[in-house]
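Engineer: Sequence and predicted model, in that order:
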Amino acid sequence: MKRVFPAAFVLAGALAAQPLDPAKLLQPPTDSWPTYNGDYTGRRYSPLKQINQSNVNTLNLAWTRRFTAGGGRGGGGPVSIKATPLEVNGILYFATPDNAWAVDAHSGRELWHYTWETKGGIHIGNRGFGMYGDWLYFETPDCYLISLDARTGKMRWNHQIADVKQEYFCTPAPLVIKNHILIGVGGDSLDLPGYLESRDPETGEVQWRWNSTPRPGEPGSETWPSKVSMQHGGGMTWLSGTYDPQLNLYYLGTGNPNPVHAAQSRTGDNLYTCSIVALNPDTGKIAWYYQVSPHDTHDWDNVETPILIDGQFNGQPRKLLAQAARNGYFVLLDRTDGQNLLTAPFVETLNWAKGLDAKGRPVSNPAKEPKTDGVLVSPNSSGVANWFAPTFNPDTGLFYTHATESYAVYWLTDTEQTPEGYGGRDQSVWSQNLLQAIDYKTGKIVWSHRYPNQGGGRSGLLSTAGGLLFGGDPTSNVFAMDPANGKILWHAGLQSSVSNGPITFEMDGRQYLVVGAGDSLYAFTLPR
Amino acid sequence: MLRVLQRRFGVVAAFLCTASLTPFAEAQLISRPVPPADAVDRGRNQFVVQCGGCHGSNARGDDNGPDLVRSEIVLDDEQGSLLGPMIRKGRPNEGMPAFDLPDAQIQDLAAFLRERTQAAINRNAYPLQDLLTGDAKAGQAYFNGAGRCNSCHSPTGDLAGLATRFQAAQLQTRFLYPRGGRGGGPNRAEAKPTTATVTPRTGPAVSGTLEFMDDFTVGVRDADGYYRSFPRDSVKLDVQDPLAGHAQLLRQYTDKNMHDVLAYLVTLK
């Protein structure tokens, strides 16, 4: 059962959507925010500067709207907006598990609301849409890829992309590259193999599949002890990556190996889990990889956005890729070949690695792998960074990310030769949230904002040419900081913490800032 | 343990160091119906006798037969819909004979296997084991020595009978940080509150329990029960966190220290 709420038809006629110009995906975001990260670089940097340091303290609320789930689990209940909305031709598109909306960006008025009748799956969140012309794409918790007509919210087709009964569940925002819809999957509960697929935008049929754990005999299989360990090896693909059109490479961070905490059945590095991989989006062939957490045992998915930077390194212009990883290390790579240029911790509490190897990879300390009587490890399984979007500002040369200092006890609970499920547990005992500004050339922390209160989430971040860094704090404030030093220049209290990544766009000569916080969207702009 | 006063004008260090909620703490891990316990029991007994020889008594597999807990057929099955035909037909080429079982027994076997898969999925219920590996005497020495725990706590005072109130697993995370734990949980109980003294630019200082603080506002409840809030940028603020020593020790403990202190604390009955 799928249905579109009746209001859709009335409003859709008055405010018809228009096709997305594919050229927008190749440009820094100005009058649109056409993909999860705004553009392919993952920088979440806008060249807009109508809102700037001189006037941000006059920023006003333009509108706010609350959204209620219309189907699936908890139908009619509250939602948590983790999706980064797309903004195309004055219309915002976003999704939550089993639900999707189009909203007039001028007013917040709902244009249509699509609901999907779920077959199950973990309903933890949805990161939003991909868009190709008039067609929208999103994934459901029970792992269907749904294509909607952006004009009406009517479903064009759906395809099952993973089996929810095997304990897959799906959250990522599909990414559109040329005529490829890249979709990923998630699920650590029962030791499944991860993969990334490219689907045809017209039909939804599979164009290619890349397996994040190798098959016997393939490159990378030497890093696993057995066929069974690879078959149950994990490496989920649950966050959108980034793309370099000149190199024609798609950069993706992969999830942790399985079983998560009990590693006795998967000795070795466990490629291509916890890695950054470069894939040809036309074929799915891997060009290079760099493993940020070899043989992870702490649930530190390495999916955090690999941001593309064109900048200087050691006095030379380079095509770079930077990631603040869940394991607590900042890595800088040459994105043409994956060569490591820099690895540095971006919090002070890490205690799980013995050092770095010749390739700059953290070397896991076996003494800090889960044990039956527990080990005290920093960070906890949520990691120092996570899916919350970082941002890079080319004006300051700084990479900004929310980060958490934390400690957890990790226990091994399954001591069999062939453990199943997670095979262990962890419990966080203490944590402290920070916002870190990292010099990409050195990995050094240039400034750090330590929040005085925890208990809330870590939001995504946004940079603008207006000299502003936007984000949400762990309580319920949206803020703008001076990106040079972290000074807070503006804030507003919301109903709950910012739960997605802020976006900005220009519409009818005015710059807007839109954030999601819990079940509501908030739009801010300057007074006329 | 160590008592640390954190004082700055306008900027205050952390005071509520609760654990961040992990994403899955809020997600339902088991999304399919839990099979009836009596069917699971019947299925287990039958499985051990008829299937355990090849697949192991816990269905994890053996040299003679594959793991069934993570089997695609088992996971896609609905009350014997796939298992029934497969069991009755067997897999002769792979050495599995056919078993002509009635529907009721097939459903019981399916219930047992579903229970096994759900036990593997439900990681929050995995039993912990062997927590008490430490040396209690060494733990006592750390308590009174390097840890300086005795500067705030006494085994015959506030900690008397501690081990009668908490299980070892609770105690392990609770002594590390009393307000911590996934989503707060039981560890929040009995944790001493953080207190603060707020001194406005004009008017008397206000002291009390710190109820709220972000970068912009601080709120305290005074001894008479009144809540008072102030803008952070116009007050002097002294925060006293009685648990700051616990947070500091997290950077200091070795795993041996942690195990030894736990072994000592469980003797406080």
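Structural biologist: Yes, it's here. Residues are numbered from 1 along each chain as shown, chains lettered A, B, ... in the order given.
Engineer: Leaving out sequence neighbours, find the closest residue to residue A:209.
Structural biologist: In space, and not counting its chain neighbours, residue A:209 is closest to residue A:197: 4.9 Å by Cβ to Cβ, 6 or more residues apart in numbering or on different chains. Backbone N, C-alpha and C define where each C-beta goes, glycine included.
Engineer: How about residue B:257?
Structural biologist: Looking at residue B:257 with Cβ to Cβ, 6+ apart, the closest residue is residue B:142, at 5.5 Å.
Engineer: what separates the one you found from residue B:160, distance-wise?
Structural biologist: 19 Å (Cβ to Cβ, to the nearest Å).
Engineer: which of these two has more neighbours?
Structural biologist: For residue B:142 and residue B:160, the more surrounded residue by other Cβ atoms under 10 Å in any protein chain shown is residue B:142, and the numbers stand at 23 against 12.
Engineer: Using the three-state scheme, assign residue B:93.
Structural biologist: With DSSP: H, G, I helix; E, B strand; the rest coil as the basis, the three-state label of residue B:93 is helix.
Engineer: so what pLDDT did it get?
Structural biologist: Reading off the per-residue confidence, residue B:93 sits at a pLDDT of 90.
Engineer: just residue A:290 next, same as before
Structural biologist: The per-residue pLDDT reported for residue A:290 equals 98.
Engineer: Identify the residues contacting the closest residue to residue A:483 other than its chain neighbours.
Structural biologist: Nearest-residue entry for residue A:483: residue A:469, 4.2 Å, with adjacent residues in sequence omitted and distances by Cβ to Cβ, 6+ apart. With contact set as Cβ atoms under 8 Å, 6 or more residues apart in numbering or on different chains, residue A:469 has these partners: A:391, A:393, A:400, A:461-463, A:480-483.
Engineer: Tell me if I am right that residue A:469 is in a strand.
Structural biologist: Yes - under three-state DSSP, residue A:469 sits within a strand.
Engineer: Would you mind naming what in the stretch 101-250 of chain B lies close to chain A?
Structural biologist: Proximity of the stretch 101-250 of chain B to chain A is assessed by Cβ under 8 Å from any Cβ of the partner chain, with B:117, B:119-121, B:123-124, B:126-134, B:172-173, B:176-177, B:180-182, B:187, B:212-216, B:246-247, B:250 identified as the residues in range.
Engineer: Check the gap between residue A:267 and residue A:482 for me.
Structural biologist: With the distance defined as Cβ to Cβ, residue A:267 ends up 49 Å from residue A:482.
Engineer: neighbour count winner among these two?
Structural biologist: Neighbour count, other Cβ under 10 Å: between residue A:267 and residue A:482, residue A:482 has more, with 16 against 13.
Engineer: doesn't residue A:489 make contact with the more buried one?
Structural biologist: Yes - at 5.9 Å, residue A:482 counts as touching residue A:489 under the criterion of Cβ atoms under 8 Å.
Engineer: Find the residues that touch each one of those two.
Structural biologist: Any residue near both residue A:482 and residue A:489 by Cβ under 8 Å, 6+ apart counts here, and that gives A:53, A:468.
Engineer: Give the helix, strand or coil label for residue A:409.
Structural biologist: When the structure is split into helix, strand and coil by three-state DSSP, residue A:409 lands in strand.
Engineer: Pull the contacting residues for it.
Structural biologist: With the criterion set at Cβ under 8 Å, 6+ apart, residue A:409 makes contact with A:374-377, A:426-427, A:429, B:172-173, B:176, B:258.
Engineer: of those residues, buried ones?
Structural biologist: Buried members of the contacts of residue A:409, counted by 16 or more other Cβ atoms under 10 Å in any protein chain shown: A:374-377, A:426-427, A:429, B:172-173, B:176, B:258.
Engineer: Throw these into TSV and include pLDDT, thanks.
Structural biologist: Compiled in TSV, the buried ones among the contacts of residue A:409 are given as follows (pLDDT from 0 to 100):
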residue	pLDDT
A:374	97
A:375	98
A:376	98
A:377	98
A:426	96
A:427	94
A:429	93
B:172	94
B:173	93
B:176	96
B:258	98
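Engineer: Relative to residue A:446, which of these is nearest.
Structural biologist: Within the buried ones among the contacts of residue A:409, the smallest distance to residue A:446 is 27.3 Å, found for residue A:377 (Cβ to Cβ).
Engineer: Residues in a beta bridge with the closest one, which ones?
Structural biologist: On the basis of DSSP bridges, residue A:377 takes part in beta bridges with residue A:408.
Engineer: What of residue B:209?
Structural biologist: Each beta-bridge partner of residue B:209 is listed here: residue B:195, residue B:221, as defined by DSSP bridges.
Engineer: what's the answer for residue A:208, then?
Structural biologist: Beta-bridge partners, per DSSP bridges, of residue A:208: residue A:198.
Engineer: And it, how far from chain B?
Structural biologist: Using Cβ to the nearest Cβ, to the nearest Å, we find residue A:208 at a distance of 23 Å from chain B.
Engineer: Same question for residue A:432.
Structural biologist: Residue A:432 is 5 Å from chain B, where distance means Cβ to the nearest Cβ.
Engineer: low-scoring stretches of the chain, by residue?
Structural biologist: The chain I'm using is chain A. A:1-17, A:71-76, A:454-456 (pLDDT under 70).
Engineer: I was thinking of chain B, sorry if that wasn't clear
Structural biologist: When residues are selected by pLDDT under 70, those of chain B lie in B:1-27, B:180-190.
Engineer: In it, which helix is the longest?
Structural biologist: In chain B, taking DSSP state H as the definition, the longest helix is helix B:103-121.
Engineer: just checking, what packs against that helix?
Structural biologist: Contacts defined by 3 or more Cβ pairs under 8 Å, 6 or more residues apart in numbering or on different chains; DSSP states H and E place helix B:103-121 against helix B:37-50, helix B:72-76, helix B:83-89.
Engineer: Pull the helix or strand just after that helix out as PDB, backbone CA atoms only.
Structural biologist: Beyond helix B:103-121 on the C-terminal side, the first helix or strand identified by DSSP states H and E is helix B:136-144. Extracted in PDB, the C-alpha atoms of helix B:136-144 (Å, rounded to 0.1, in the frame of the first residue of the first chain):
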ATOM      1  CA  ALA B 136      41.100  -7.300  45.100                       C
ATOM      2  CA  LYS B 137      44.200  -6.400  47.200                       C
ATOM      3  CA  ALA B 138      45.800  -4.500  44.300                       C
ATOM      4  CA  GLY B 139      42.400  -2.800  43.800                       C
ATOM      5  CA  GLN B 140      42.300  -1.700  47.400                       C
ATOM      6  CA  ALA B 141      45.800  -0.400  47.100                       C
ATOM      7  CA  TYR B 142      44.900   1.600  44.000                       C
ATOM      8  CA  PHE B 143      41.800   2.900  45.800                       C
ATOM      9  CA  ASN B 144      43.900   4.200  48.600                       C
END
